[in-house]
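Enquirer: Please work out how this folds:
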Amino acid sequence: MMKSKKMSAWLLALCLGVPFLAACGGGGGGGGSAQPTVNGSVSATDYEVVANGVVDTLTATNAASSALAGSYSVGGASQPSNDAIVSLVRQGVARLRAGERAQPLAIASETVACSSGGSLAVTVSYKDPNTVSAGDYVDFQAQSCVEGGVRLDGGMRLTVTSVTQQSFAAQLSARNFSVTADGVTTVIDGVATVAASTSASKDTISLVYEGLSATRGAERIEWWHSVTYEYDSTTGSTSFSFGGFVQHAGRYFALRQNKPFSWSGGVLQGELDVVDSRGNFVRIVGSADRFIYQYYEAGSSTPKATSSNGRSFAGIFY
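Expert: Now for the predicted structure:
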């Protein structure tokens, strides 16, 4: 059974971005009712470009799954550590708890000063201080907050929508949350849904992006994919997979997890298909240190082209 302390820890983990979510992947479809139409095209001449673009997006949102408070990348740019941001939010929550303001039906706020200027306001709303209830939320609002050379503005909120002793669901919303690093500003806005469940043998966390947008300069991309992470306590193994849709060069492709990603002997196993409007697809295959790309025409079981020079996943998935 999921005890209230574990539920609280998971709630904070999802909102604050502990490493538990850093290797998530997804099984279900992404997005809400207005899902995009698959209109992209891939061929033997451009499958590597398409695959690289998809990997860049998924690894960028892998950081988002890890924190939704770090640096977001529309392309494959490096992402500053979000440890300082996570620490600030935790400081605010810790101060609220230490202040003994845990009363029923309470809304409590605390403002934390950022190390290089600005502030981060943390607000916690709860019905019962001893457990997690539907309607509870954790919110933070950054105002010219500078940490480690990264400036943050805007806010995010995680609101619990349902909870049982073995599962909970929540909505994660970004309010024009901007991250400025190395002179480049990325703005995140929109909604994602989060679900977590636990049993005697398995823990699962899923996040579904519902058209959440990332804008950097004149470049804008929407996230419509899902990511799910599973941990099997009986074997000690982990797996992650992706689903839904992904945008590349203004066009949408469907994501089909042919085999979930998992680690075995230091090698990333798994296969993810990126499917175009005609049924052609590029298969992204794990290996020891980088992805392998295989291009298939619709209806074929034999790759028409293969590249062993895909994106490296060192520092991303391990």
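
Enquirer: for the helix or strand encompassing residue 274, which positions count as buried?
Expert: Using DSSP states H and E, the element containing residue 274 is strand 267-275. By neighbour count on 16 or more other C-beta atoms under 10 Å, the buried set for strand 267-275 is 268, 270, 271, 272, 273, 274, 275. Placement of C-beta: from N, CA and C, glycine included.

Enquirer: same thing with stretch 178-187?
Expert: Neighbour-count burial for stretch 178-187 [16+ other C-beta under 10 Å]: 178, 179, 180, 181, 186, 187.

Enquirer: Would you mind giving these as JSON lines with distance to residue 211, secondary structure and pLDDT added?
Expert: JSON lines is the format used below for the buried residues of stretch 178-187 (distance: C-beta to C-beta, whole Å; DSSP: H, G, I helix; E, B strand; the rest coil; pLDDT from 0 to 100):
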{"residue": "178", "distance to residue 211": "18", "secondary structure": "strand", "pLDDT": "87"}
{"residue": "179", "distance to residue 211": "19", "secondary structure": "strand", "pLDDT": "83"}
{"residue": "180", "distance to residue 211": "23", "secondary structure": "strand", "pLDDT": "86"}
{"residue": "181", "distance to residue 211": "24", "secondary structure": "strand", "pLDDT": "80"}
{"residue": "186", "distance to residue 211": "17", "secondary structure": "strand", "pLDDT": "82"}
{"residue": "187", "distance to residue 211": "15", "secondary structure": "strand", "pLDDT": "87"}
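
Enquirer: Turn those residues into a markdown table, including distance to residue 194.
Expert: Shown next, in a markdown table, are these (distance: C-beta to C-beta, whole Å):
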| residue | distance to residue 194 |
| --- | --- |
| 178 | 22 |
| 179 | 20 |
| 180 | 26 |
| 181 | 25 |
| 186 | 21 |
| 187 | 21 |
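
Enquirer: Distance check, the nearest residue to residue 43 once chain neighbours are set aside against residue 38.
Expert: Nearest residue to residue 43 in three dimensions, chain neighbours excluded: residue 280, at 7.0 Å (C-beta to C-beta, 6 or more residues apart in numbering). According to C-beta to C-beta, to the nearest Å, residue 280 and residue 38 sit 11 Å apart.

Enquirer: re the thing from before, ok, residues contacting the strand holding residue 274?
Expert: 38, 42, 50-51, 54, 239, 241-242, 246, 253-263, 281-288, 313, 317 (C-beta atoms under 8 Å, 6 or more residues apart in numbering).

Enquirer: Just the ones of those residues in helices?
Expert: 50, 51, 54 (DSSP state H).

Enquirer: Among the residues you listed, which one lies nearest to residue 195?
Expert: residue 54 (23.7 Å; C-beta to C-beta).

Enquirer: Touching, that closest one and residue 254? I think so.
Expert: No. Using C-beta atoms under 8 Å as the test, residue 54 is too far from residue 254 to be in contact (11.0 Å).

Enquirer: So the two - more neighbours on which side?
Expert: The neighbour count for residue 54 versus residue 254, taken as other C-beta atoms under 10 Å, is higher for residue 54 (26 against 21).

Enquirer: From residue 131, how far off is that one?
Expert: In terms of C-beta to C-beta, residue 54 sits 40 Å off from residue 131.

Enquirer: Likewise for residue 166?
Expert: Taken as C-beta to C-beta, the span from residue 166 to residue 131 is 14 Å.

Enquirer: ok, now which ones touch residue 259?
Expert: 269, 270, 271.

Enquirer: Output the below-cut-off pLDDT ranges for this structure.
Expert: In the predicted model of the chain, residues 1-33, 60-106, 129-130, 314-318 satisfy pLDDT under 70.

Enquirer: those helices in it, which residues are they?
Expert: Under DSSP H, the chain gives helices at 4-16, 47-66, 83-98.

Enquirer: Number of residues surrounding the residue nearest to residue 233 when sequence neighbours are not counted?
Expert: Of all residues beyond its chain neighbours, the one nearest residue 233 is residue 201 (5.5 Å), with distances taken as C-beta to C-beta, 6+ apart. Residue 201 sits with 10 neighbouring residues when counted by other C-beta under 10 Å.

Enquirer: wait, what's in contact with residue 201?
Expert: 232, 233, 234.

Enquirer: Quick check: the gap between the closest residue to residue 154 other than its chain neighbours and residue 114.
Expert: Nearest residue to residue 154, sequence neighbours excluded (C-beta to C-beta, 6+ apart): residue 177, at 3.9 Å. Per C-beta to C-beta, residue 177 is found 15 Å from residue 114.
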